[in-house]
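In: model the following, please.
(chains A and B)
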Amino acid sequence: GAVVSQHPSRVICKSGTSVKIECRSLDFQATTMFWYRQFPKQSLMLMATSNEGSKATYEQGVEKDKFLINHASLTLSTLTVTSAHPEDSSFYICSAIRDRSPYNSPLHFGNGTRLTVT
Amino acid sequence: KQEVTQIPAALSVPEGENLVLNCSFTDSAIYNLQWFRQDPGKGLTSLLLIQSSQREQTSGRLNASLDKSSGRSTLYIAASQPGDSATYLCAVSFGNEKLTFGTGTRLTIIP
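Out: This is a model prediction of the structure:
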């Protein structure tokens, strides 16, 4: 149980285009999802916290107009990288909390999306 | 600043040996600590979650300990296997739902 599906796993796009990444909790409801970014050989950096039915909370330094997050249902959050540039190339990973006690629950992660902007 | 550090960055061990991975954190006021495994190009798999009130958690060949006073956690892997090769990440919840990740230890088990 507690499966998080992330799609696509890999995407290549041209500079200036937008890319949407989906994160779905397959067998549980996730009121909160997180979006992370990971550069090669570095750790995960939290970009934003996505709450169902409300605006996402972005971490300092993350442009909310560039990284649009929508959490329209209890099982789906999307991250749209708008007007992508080569420096946006990275590995993006989502995660979800299974129940309403985030402090006591392990995070479940998707398999990540490798974005390459040419 | 709340930070999580993992040393060494890489470790190679012959198959069958027991090993310990280290994680240290700067603030003892934590809610919980998690150990994850990440295979190349993949997402994270949760291995063990230790609550702040706990000292250790065990799952199969894995044992994680937590010492809040010293700001340290260890992940012990018994009887290592080539399939254990991966990057192991330690992550700490410093009093909210966000996790602060360490930079990981890349483990290679030599057959």
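In: so where do the strands sit in the chain?
Out: Since no chain was named, I'll use chain A. A:4-7, A:10-13, A:19-25, A:32-38, A:44-51, A:57-58, A:67-73, A:76-81, A:90-97, A:107-109, A:113-117 (DSSP state E).
In: please go with chain B instead
Out: Remark: strands assigned in chain B by DSSP E are B:4-5, B:10-14, B:19-25, B:32-38, B:44-51, B:56-59, B:62-67, B:72-77, B:86-93, B:100-101, B:105-110.
In: rebuild those as a markdown table, extending it with distance to A:Thr113 and mean pLDDT.
Out: Glycine gets a C-beta too; all of them are placed from N, C-alpha and C. Putting those into a markdown table (distance: least, CB to CB, whole Å; pLDDT from 0 to 100) gives the following:
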| stretch | distance to A:Thr113 | mean pLDDT |
| --- | --- | --- |
| strand B:4-5 | 24 | 94 |
| strand B:10-14 | 26 | 97 |
| strand B:19-25 | 27 | 97 |
| strand B:32-38 | 14 | 93 |
| strand B:44-51 | 14 | 91 |
| strand B:56-59 | 28 | 96 |
| strand B:62-67 | 28 | 97 |
| strand B:72-77 | 27 | 98 |
| strand B:86-93 | 18 | 95 |
| strand B:100-101 | 18 | 92 |
| strand B:105-110 | 22 | 97 |
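In: could you export those as TSV, including distance to chain A?
Out: TSV is the format used below for the strands of chain B (distance: least, CB to the nearest CB, whole Å):
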stretch	distance to chain A
strand B:4-5	8
strand B:10-14	10
strand B:19-25	12
strand B:32-38	6
strand B:44-51	4
strand B:56-59	11
strand B:62-67	12
strand B:72-77	15
strand B:86-93	6
strand B:100-101	4
strand B:105-110	8
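In: nearest to A:Val3, of those?
Out: A:Val3 sits nearest to strand B:44-51 of all these, at 11.4 Å, using CB to CB.
In: okay, the angle between that closest one and strand B:62-67?
Out: 40 degrees (axes from the mean of the first three to the mean of the last three CA atoms, to 10 degrees).
In: what lines up beside strand B:44-51 in the sheet?
Out: strand B:32-38 (antiparallel) (DSSP bridges).
In: what is the burial count for residue 64?
Out: With no chain named, the answer covers chain A. 13 (other CB atoms under 10 Å in any protein chain shown).
In: not what I meant, chain B
Out: 24.
In: surely it and B:Gln54 touch.
Out: No: contact criterion CB atoms under 8 Å: B:Ala64 and B:Gln54 do not qualify, at 9.3 Å.
In: distance between the ends of stretch A:55-73?
Out: One end of stretch A:55-73 sits 13 Å from the other (CA to CA, to the nearest Å).
In: quick one: that stretch to chain centroid distance?
Out: 9 Å (CA atoms, centre = their mean, to the nearest Å).
In: list the buried ones in it?
Out: A:56, A:58, A:62, A:67-69, A:71 (16 or more other CB atoms under 10 Å in any protein chain shown).
In: cool, and stretch A:77-88?
Out: Neighbour-count burial for stretch A:77-88 [16+ other CB under 10 Å]: A:77-79, A:81, A:84, A:88.
In: redo the residues you listed as TSV? Include distance to chain B and pLDDT.
Out: What follows is the buried residues of stretch A:77-88, written out as TSV (distance: CB to the nearest CB, whole Å; pLDDT from 0 to 100):
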residue	distance to chain B	pLDDT
A:Ser77	15	93
A:Thr78	17	95
A:Leu79	14	97
A:Val81	18	97
A:Ala84	20	96
A:Asp88	18	95
